[in-house]
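Peer 1: Build me a structure from this.
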Amino acid sequence: MRFEGRVVFVTGASRGIGKCVALTLAREGCDVVVAAKTVESSPRSPGSIGDVAAEVEKLGRRALPVELDVRDESSVERGVKTALDRFGRIDFLVNNAGALHWHPVTATPMKRFDLVMGVNVRGAFACTYHVLPAMLERGYGHILMMSPPVETEYATGKIAYSVSKFGMTILAHGLAEEVGEQNVAANALWPATFIESQATIHFGMGGPALWRKPDILADATIRIFAKEPRSFTGHALIDEDFLRSEGVTDFTRYRCDPDSEPPRVGFDFKVSAGRIE
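Peer 2: Now for the predicted structure:
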């Protein structure tokens, strides 16, 4: 229970990586703000903020389900205010909500460009902007972007998406310099392999032999948040590499297929004719 008394605000928390991070932090003692758009589960969008909040409470922690569209600043401002009114603090922010569009420029109409920019970099900026003052006031906080290291050679075939995700990472780097001395950290985290999620299932990105469980990102998040903020900030981390640096050597428990070790791909994948390579 290393985070007992702490509060985490997780966006995109109704399913997938966000849900896994929220529940993992709850097991470590966090109270959880479960923020996402989905308020009613459906076959297309299984899971809801209420479902996840109920799971958090079963773990003995307090939960606050917040209907949140990160593209709408008033929704973000309202959600953050509601969380602060309920808990009085936000110690950790996980900018996990994301939109995908892995296509070349010629197959990216402006409405798709606006979508990935609005959800990914603008949404992360808005959440950070509204959470940050409470962290600075307390002199403590961790902000985590679920985004990759800025490696522009990997943008081919998915330029709009890359701009939006690299923007999140640049936000982490810049923010680390702006507020690090005030004991608020900003880092980025990205998987070395494909992660089992609604996205990998929906877009047909292989199968269990190519996926790791989202628990690997959740475990990396715990280790980041366990550090004193001013001592660990401004990093763009790959989950496996970071965990290895922390002494983790056995990654078999993260396999979706117990008999197959997924290949590393991270952000280094290409899109051809709408297919992931």
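
Peer 1: Distance of the residue nearest the centre of the chain relative to residue 16?
Peer 2: Nearest to the mean C-alpha position of the chain, counting by CA atoms, centre = their mean, stands residue 96 at 2.6 Å. Distance of residue 96 to residue 16, computed by CB to CB, to the nearest Å: 8 Å. No exception for glycine: its C-beta is placed from N, CA and C like everyone else's.

Peer 1: Residue 244 now?
Peer 2: Summarising the geometry, the distance separating residue 244 from residue 16, computed by CB to CB, is 24 Å.

Peer 1: The two - which one has more neighbours?
Peer 2: When residue 244 and residue 16 are compared for neighbours, residue 16 comes out ahead with 22 against 13, by other CB atoms under 10 Å.

Peer 1: wait, what's in contact with residue 94?
Peer 2: In this structure, residue 94 makes contact with 8-11, 18, 21, 144, 146, 221, judged by CB atoms under 8 Å, 6 or more residues apart in numbering.

Peer 1: and it, that's in a strand?
Peer 2: Yes: secondary structure of residue 94 (DSSP: H, G, I helix; E, B strand; the rest coil): part of a strand.

Peer 1: residue contacts, the nearest residue to it once chain neighbours are set aside?
Peer 2: Distances taken as CB to CB, 6 or more residues apart in numbering put residue 10 closest to residue 94, at 4.5 Å, once the chain neighbours are dropped. Contact partners of residue 10, counting by CB under 8 Å, 6+ apart, are 18, 21-22, 25, 32-35, 94, 96.

Peer 1: what's the farthest-apart pair in these?
Peer 2: Within the contacts of residue 10, 25 and 35 form the most distant pair, 13.4 Å apart (CB to CB).

Peer 1: Same drill for the two, tell me which one is more crowded.
Peer 2: The residue with the greater number of neighbours, taking residue 25 and residue 35 and applying other CB under 10 Å, is residue 35; the counts read 33 against 27.

Peer 1: Now the strand or helix carrying residue 186: buried residues?
Peer 2: Element membership of residue 186, judged by DSSP states H and E, is strand 184-190. For strand 184-190, burial by neighbour count (16 or more other CB atoms under 10 Å) applies to 184-190.
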